[in-house]
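Colleague: This is a predicted model, with the sequence first.
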Amino acid sequence: MEQPTRTLRDKILLVLKGLAMGAANKVPGVSGGVVAFVAGFYEEFIDSLRKVNGTALKLLLHFRLKSFWTYINGKFLGLLLLGMLISYFSVSKLLDYFIIHYEVYVWSVFFGMIIGSILYIAKGFEDWNIKNSSIVLGGIIVGVGISLLDPAKENDNLWFVFCCGIIGVSGMTLPGLSGSFILILLGNYVLLLVDSVNALYDTLSDLFRWEYSFIEDPERIRLLKVLTTFSLGSITGLITLSHCLGYLLQKYKSATFAAIIGFITGSLGVVWPWKHQIYKTNAQGQYITDLNNNPILDNYDRYIPNLNATSTYTCVLFIVLGILIVLSLEWYSTRLKKMTL
């Protein structure tokens, strides 16, 4: 695949898109794959990941680094990855703050953005028939079913953690399936995306200060092993899922798009704004906390909003804002394409 020529503006936009994907992947219920789909680079993203194969490995082992980089569309993947890394230390932290202090409004914006994404994707989908409509319905049922499952208990077995990496990365490759929410259901969200990442941050801080005492800390070493295993599983999942999706997009494009529409629609149940957080408790009814002494999320208790409350209509305004954000991105993307023709 020949890499397209990218202007400085294109590169900045790719970093921003990666930033948006990274932020979306971290929020339970939101899928980074939706960002890729709406922003118009989903198929290039999947095709680029598919290039991480035996041919790429041979180029790498023969130190043909330039050919390797060109073959896997490295500029594209590299800029996206840069945006995701920036996101984790910036936008994701900002999202954490807003979710803590303005939770219902944040969920309302995400709910609106998913509705906008459905409108955007469905508008461009022309192959409506009984088969594809059935696939859409099946995707909705799967998405809603996932949102109603009860979470499992935390499990730090490395084989299970590796599988969590494979499954959890689905949010990047399959729009509508939230990798973060799936990790909650698997019981390992806090272990893999909070405690382990904090352990890595603390380790990097220690190394920066030339401090190596963490080597004697068995809990830190355990978390680093967990994070390494999870990362390997995520890489494996990215490569294998991208190959499967690439094949499906080539052979059964309309059916695959129908399934994606269904999954995204079903995910509305996960990001329903009006819900209470349920935290894990022990036998004495006390909250179970993570390493930062924060209560661990177990699931959500959803409810119907009070139509007499002013806050309900404020949420509706934020939902409309979310829809407008997606539709404006679509308009801007279309405008850019016309300008480059």
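Modeller: Yes, it's here. Numbers count the residues shown, from 1 in each chain.

Colleague: helices or strands up against the longest helix anywhere in the chain?
Modeller: As assigned by DSSP state H, the longest helix anywhere in the chain is helix 218-251. Judged by 3 or more CB pairs under 8 Å, 6 or more residues apart in numbering; DSSP states H and E, the packing partners of helix 218-251 are helix 42-50, helix 158-168, helix 170-173, helix 196-208, helix 253-266. For the C-beta atoms, the positions are set from N, CA and C on the backbone; glycine is no exception.

Colleague: which parts of that helix are buried?
Modeller: Residues of helix 218-251 classed as buried by neighbour count (16 or more other CB atoms under 10 Å): 220, 223-224, 226-227, 229-231, 233-234, 237-239, 241-243, 245-246, 249.

Colleague: so how far is it from its chain's centroid?
Modeller: 13 Å (CA atoms, centre = their mean, to the nearest Å).

Colleague: between it and helix 42-50, how big is the angle?
Modeller: Put simply, helix 218-251 runs at 120 degrees to helix 42-50, going by axes from the mean of the first three to the mean of the last three CA atoms, to 10 degrees.

Colleague: Can you give me the end-to-end span of stretch 301-313?
Modeller: Stretch 301-313 has an end-to-end distance of 20 Å (criterion: CA to CA, to the nearest Å).

Colleague: do stretch 204-216 as well
Modeller: The first residue of stretch 204-216 is 15 Å away from its last residue (CA to CA).

Colleague: Pull out the buried positions in that stretch.
Modeller: Buried residues in stretch 204-216, counted by 16+ other CB under 10 Å: 206, 214.

Colleague: neighbouring contacts of that stretch?
Modeller: With contact meaning CB atoms under 8 Å, 6 or more residues apart in numbering, stretch 204-216 is reached by 202-203, 220-221.

Colleague: try stretch 155-171
Modeller: Under the criterion CB under 8 Å, 6+ apart, residues 24-25, 30-33, 177-180, 182-183, 186-188, 191-192, 222, 225-226, 229-238, 240-241 lie in contact with stretch 155-171.

Colleague: tell me the mean pLDDT over that stretch?
Modeller: In this model, stretch 155-171 carries a mean pLDDT of 84.

Colleague: okay, that stretch in CSV with CA atoms only?
Modeller: Below are the C-alpha coordinates for stretch 155-171, written out as CSV (Å, rounded to 0.1, in the frame of the first residue of the first chain):
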residue,chain,number,x,y,z
ASN,A,155,-8.2,-12.1,38.2
ASP,A,156,-4.5,-11.4,37.8
ASN,A,157,-3.6,-14.8,36.2
LEU,A,158,-1.3,-13.9,33.4
TRP,A,159,-3.0,-16.1,30.8
PHE,A,160,-6.3,-14.5,31.7
VAL,A,161,-4.7,-11.0,31.5
PHE,A,162,-3.3,-11.8,28.1
CYS,A,163,-6.8,-12.8,26.9
CYS,A,164,-8.1,-9.5,28.5
GLY,A,165,-5.7,-7.7,26.2
ILE,A,166,-7.0,-9.4,23.1
ILE,A,167,-10.6,-8.8,24.0
GLY,A,168,-10.2,-5.4,25.5
VAL,A,169,-8.6,-3.9,22.4
SER,A,170,-11.8,-4.6,20.5
GLY,A,171,-12.9,-1.1,21.1
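
Colleague: May I see the buried residues of it?
Modeller: For stretch 155-171, the neighbour count (16+ other CB under 10 Å) marks 156, 160-171 as buried.

Colleague: Same question for stretch 60-70.
Modeller: For stretch 60-70, burial by neighbour count (16+ other CB under 10 Å) applies to 60, 68-70.

Colleague: Cheers, nothing more for now.
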